[in-house]
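K.L.:
have a look at this prediction, sequence included:
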Amino acid sequence: MSDSIIRQVKAVIHSHDHPCITLPPNISEILCRDPRLIGFVAARHKFVAKILEGRDILEIGCQEGFGTMFVAPYVKSITCIDFYPPFVDGFQKYMAPFLPNCSVRQGNITQESFQGPFEGAFALDVLEHIDASDEHLFWDNLCESITPKATAIVGMPSLESQVYASEASKLGHVNCKSGSDLKKVASEYFSNVIIFSMNDEMLHNGYLPMSHYILAVCTGPKA
């Protein structure tokens with residue numbers, strides 16, 4: 001590598017006055033155990049960022065805020081909630097200082113709606129962890145938290161993918177759905193529902209039973 005190229009690289013590096021980020025515990029463990037999952041999370045949140053760009057939005061189930069890092073730069077503001085206190089603490093300690101348009105607090109979507117109302121909302125890897133008997137609370141409180149013209153995105157592993165899931169994942173995945181079932185239930189609460197598929201980082205509109213991950217883009221809340 002020539003000296004001129006090295007000088008250019010150094011100039012770019014030193015032109016940005018940003019400290020290094022320390023990742024929170026859970027996302028650090030995932031990165032060390034299976035770094036491919038980081039790519040999947042990034043791709044899903046990039047999709048959310050493009051759909052909800054420029055809006056005041058709600059993130060349901062933010063965990064430690066790693067995915068939020070991909071969304072926050074593209075929205076007006078983002079209010080993040082998670083029911084698990086260690087995730088909220090990790091978010092506040094490691095990620096929130098780098099996200100000036102972000103606020104985070106503990107909250108449970110099956111127990112309360114959230115004051116906005118928000119122009120958009122998303123919940124990735126949340127619904128599959130909620131018992132079917134409580135699922136209506138998720139949808140009711142989601143709809144109560146957003147404006148009549150808002151867009152909501154709900155993503156989850158497909159029912160068909162569970163044959164390949166780890167035993168640890170299966171323990172928490174109590175409410176996975178097929179693409180058609182996700183569309184059916186979402187349509188009870190929204191006037192328009194479009195289902196997208198994902199396999200690894202690839203987003204597509206292909207054959208739903210062969211999808212590892214499914215996303216419902218919903219507009220026109222009926223509540």
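P.N.:
Yep, it's here.

K.L.:
now do the contacts for the closest residue to residue 127 other than its chain neighbours.
P.N.:
Leaving aside its chain neighbours, residue 127 sits nearest to residue 156 (5.1 Å; criterion: C-beta to C-beta, 6 or more residues apart in numbering). Using the backbone N, CA and C atoms, a C-beta is placed for each residue, glycine as well. Listed by C-beta atoms under 8 Å, 6 or more residues apart in numbering, the contact set of residue 156 reads 124-128, 176-177, 182, 213-214.

K.L.:
nearest to residue 162 among these?
P.N.:
Nearest to residue 162 among these is residue 176, at 5.6 Å by C-beta to C-beta.

K.L.:
now the residue nearest to residue 127: how far from residue 221?
P.N.:
Residue 156 is 19 Å from residue 221, where distance means C-beta to C-beta, to the nearest Å.

K.L.:
same deal with residue 199?
P.N.:
Distance from residue 199 to residue 221, by C-beta to C-beta: 29 Å.

K.L.:
so those two - more neighbours on which side?
P.N.:
Legend: neighbour count by other C-beta atoms under 10 Å for residue 199 and residue 221, higher for residue 221 (22 against 15).

K.L.:
can you read off the pLDDT for that one?
P.N.:
What the model reports as pLDDT for residue 221 is 96.

K.L.:
roughly how far apart are it and residue 76?
P.N.:
Applying C-beta to C-beta to residue 221 and residue 76 gives a distance of 20 Å.

K.L.:
which residues touch the longest helix along the chain?
P.N.:
As assigned by DSSP state H, the longest helix anywhere in the chain is helix 36-51. With contacts defined as C-beta under 8 Å, 6+ apart, helix 36-51 is touched by 27, 30-31, 66-71, 73-75, 120, 122, 124, 151, 153, 155, 196, 198, 200-203, 213, 215, 217.

K.L.:
who's in contact with the closest residue to residue 94 other than its chain neighbours?
P.N.:
In space, not counting the residues next to it along the chain, residue 94 is nearest to residue 24; the distance is 4.5 Å by C-beta to C-beta, 6+ apart. Residues in contact with residue 24 (C-beta under 8 Å, 6+ apart) are 64-66, 87, 90-91, 93-95.

K.L.:
hey, which strand is longest across this protein?
P.N.:
strand 146-157 (DSSP state E).

K.L.:
direction included, what does that strand pair up with?
P.N.:
Applying DSSP bridges, strand 146-157 is found paired with strand 118-124 (parallel), strand 213-221 (antiparallel).
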